[in-house]
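Chemist: Any chance you could fold what I've pasted below:
(chains A and B)
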Amino acid sequence: MADTVRCPSCNGENEAGKKFCEFCGAELDKKPQTMSESERIEEYKCPACGSALVFNTDSGKLKCGSCDNEYEVGTIKQYLQNKTEAEFKWDKKYTENLNETLPEMTVYICKSCGGEVITDGTTAATHCPYCDNKVIIMEKLTGALKPNGVIPFKVDKKGIKEKIAEFCRGKKLLPNNFFSQQMIDEVQGVYVPVWLFDGTLDGKVSLDGVTSSSYTSGNYRYTETSHYLIECDGKMDFRRVPVDGSAKMPDDLMNSIEPYDYSQIVPFDGQYLSGFLADRYDKGPDASIPTASQRMMNSAVKAFANAADKYSSATLRNNGLSLKNPSVKYVLLPVYLFNCKYGGKLYRFAMNGQTGKLVGELPIDKGKKARAFWIPFLITALIVFLIVFFLMR
Amino acid sequence: MKKVFAIIFISLLLLVLLVPAAFAASRPSWYPEDIYTERTHGKNLPKVVDYADIFTSSEEAALTNKINEIVNKYGYDIVIVTDTSNYGLGPTEEQYAIDFYYYNGYGIDDEYSGSVIYLNMDPNNRYISNVGTGKMEKNYTRDTVNKMQDIVYPYLSDGQYARAMEVNLEIIDELTATGKIETKRTIGDYVTYGIISVVVGLIVGGINVSKQKANMNRVRYATYANDYIVQNSFMLRNINEMFLYRNVTRTVIETQSRSGGGSSYHSGMSSSGGGGSFSGGSRHF
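Modeler: Presented below is the predicted three-dimensional model:
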């Protein structure tokens, strides 16, 4: 078989030695690219069935020998591009806001879980807010990073009680008097260290789009499914995407009490710590970036998919977004932490100290659970039996 | 020439003689030559007529006794007839039963009230017809005929023809007395009801507990940052859509069919001779 030259523009095969492509007229490389038969077969796979595609000189398209689908050369090249991972390259300058340090502070270290909480020297930590351990050691701390801002606590003790009552409403499996007055009195307010990331996601996203329609003809129902390659180019700005910097604070709890109203952030001042504890961050901004980036990326991809709304489904094929103009700030967010033991298990709860949103897994009362099953079971079974008895005569 | 005329004459003669004979052979032996013959009450008519020869003599005797017992109780006639063909009598499959009852003069009272059970034992077209006439006509509704044949069908499909007829006569007894059929429930029926009730109850109970349990824990990891998108910052500079390929699948649209073979119901049927009114239906087995 004679050597061929592949057109760099349309991918069409031309006889070696030709200067211009016979299909699109583009200039061919001076040095001929020779292709063996196996290379031609390996190069392109049919998106529909995965079989090898062969260039059809009559139509100027790539044709699948198995399912007979034909594709434009340019389309298939774009479709079969290698999947690329999103870029998470953050300019190191993003931490330029983090440079001031705090004066000497008092730090309490839990001997059980290793948690460290800072106070202003007038507040004493009597137990660890994360594991409830009473053995806690006081030390002096210097050179701690100063937060850029803080959201002060807004919810007081009375507010906590009301929010707990609201939280328990409709929870039919909750043991009676689970939240005792004593526990409410011992609720500990903690400022949780949080990194707030800003940035812009910019670039291209490729999606696999599908439309389907069905119709009937004679005794058959026909379902037609069309597949498209959708390429979107755009950008989206994010502001203050939070990632908590405390390894002791469960991420799911912290995520669940979002959002905070960041317009109420005030510059940090030691007086806000009076009466509260402040957790010392042990996960720096570098360790938190992947979490923030992934959340931004998911939202951006979803927005692009929503833009292609005429498709019944649009799923990510290729993510070419990159993060631009990133920056980070270090803030303290107010959280009330509760720890309750029930049935030998420790249950943790967190309340947004600004909005009062309370989250946590509640224990289940076995007796109430049994009733929640057996009462509907018996009533339903009886009704169904009567219906069946009278209908199936 | 004479020979040709003789052949034509003989041919015509044979045609005239043989065609009615052939026609007669395509009708049952009891079928009248004149279908407009006036309807009269027959005398000493057998209650079980087994042309298909599917009953033993003792079965025939037992069925006859049972029929006589019911006939004496209510004064409405009953006949069981079996045959190996329905002779193409139509337009419905019950026509054989109707014509047999009508032309043989079954029926005791002035309205010739009664029930006919017909078993067509043609190997290619086995079915049972249940027909009511006179005062019994109103009892043979679509619902009662269906119930009757639902009960009898298992015996017929199992080849227990005498038992099937025995059960059918019991149903006719009940139908004549009450005007309806009360399906007798077996222990198996109650077990089925119980299983259905327990399964539905388990599903409802399970769903209720799952719903309540889900309400006890709303703690979730956040995977999106939708709350932190700067308002109106989403800019779609370009969107390019390229068609790749199309798939077309074809599925057959299912049509509903009754179990237990073909079933039909006909109401207000008339006998070929006119004058009689019948109601009933058939089911293949």
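
Chemist: partners of the longest strand along chain B, with directions?
Modeler: For chain B, the longest strand by residue count, based on DSSP state E, is strand B:235-252. Using DSSP bridges, the strands paired with strand B:235-252 in its sheet are strand A:220-244 (antiparallel).

Chemist: any bit of the helix or strand following the strand it pairs with sitting next to chain B?
Modeler: Next in sequence after strand A:220-244, counting helices and strands by DSSP states H and E, comes helix A:251-256. Yes. Counting by C-beta under 8 Å from any C-beta of the partner chain, contacts between helix A:251-256 and chain B involve A:251-253, A:255-256. C-beta here means a position set from N, CA and C on the backbone, and glycine is covered the same way.

Chemist: need those in TSV with pLDDT, can you?
Modeler: TSV is the format used below for the residues of helix A:251-256 next to chain B (pLDDT from 0 to 100):
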residue	pLDDT
A:251	91
A:252	92
A:253	92
A:255	94
A:256	94
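
Chemist: Got a quick PyMOL command for the buried subset of those residues?
Modeler: Applying 16 or more other C-beta atoms under 10 Å in any protein chain shown to the residues of helix A:251-256 next to chain B, the buried members can be selected in PyMOL as follows:
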select buried, chain A and resi 253+255+256
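
Chemist: quick one: which of the residues of helix A:251-256 next to chain B is nearest chain B?
Modeler: residue A:255 (3.8 Å; C-beta to the nearest C-beta).

Chemist: and that closest one, what does it touch?
Modeler: B:220-222 (C-beta atoms under 8 Å, 6 or more residues apart in numbering or on different chains).

Chemist: same thing but 10 Å
Modeler: A:242-244, A:291, A:295, A:359, B:219-223 (C-beta atoms under 10 Å, 6 or more residues apart in numbering or on different chains).

Chemist: Among those, name the ones in strands.
Modeler: When DSSP E is applied, the contacts of residue A:255 are split such that A:242-244, A:359 fall in strands.

Chemist: domains of chain A?
Modeler: A:4-79, A:92-362, A:366-393 (automatic domain parsing).

Chemist: Show me which residues of the shortest one are buried.
Modeler: So the one you mean is domain A:366-393. Applying 16+ other C-beta under 10 Å to domain A:366-393 flags A:368-369, A:372-373, A:376-377, A:380-381, A:384-385, A:388 as buried.

Chemist: I'd like those laid out as CSV, including secondary structure.
Modeler: Converted to CSV, those look like this (DSSP: H, G, I helix; E, B strand; the rest coil):
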residue, secondary structure
A:368, helix
A:369, helix
A:372, helix
A:373, helix
A:376, helix
A:377, helix
A:380, helix
A:381, helix
A:384, helix
A:385, helix
A:388, helix
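
Chemist: Let's see if you can find the most crowded of the contacts of residue A:255.
Modeler: Neighbour counts for the contacts of residue A:255, by other C-beta atoms under 10 Å in any protein chain shown, peak at residue A:242, which reaches 26 neighbours.

Chemist: my guess is that residue contacts residue A:249, does it?
Modeler: No. At 11.7 Å, residue A:242 and residue A:249 do not qualify as touching, with contact defined as C-beta atoms under 10 Å.

Chemist: joint contacts of these two?
Modeler: A:192, A:194.

Chemist: Select the helix or strand of the chain having the lowest average pLDDT value.
Modeler: Going with chain A. helix A:37-43 (a mean of 46; mean pLDDT, DSSP states H and E).

Chemist: Mind listing the strands the helix or strand that that helix is followed by pairs with, and their directions?
Modeler: Following helix A:37-43 in sequence order, the next helix or strand is strand A:53-56 (DSSP H and E). As defined by DSSP bridges, the strand partners of strand A:53-56 come to strand A:61-64 (antiparallel).
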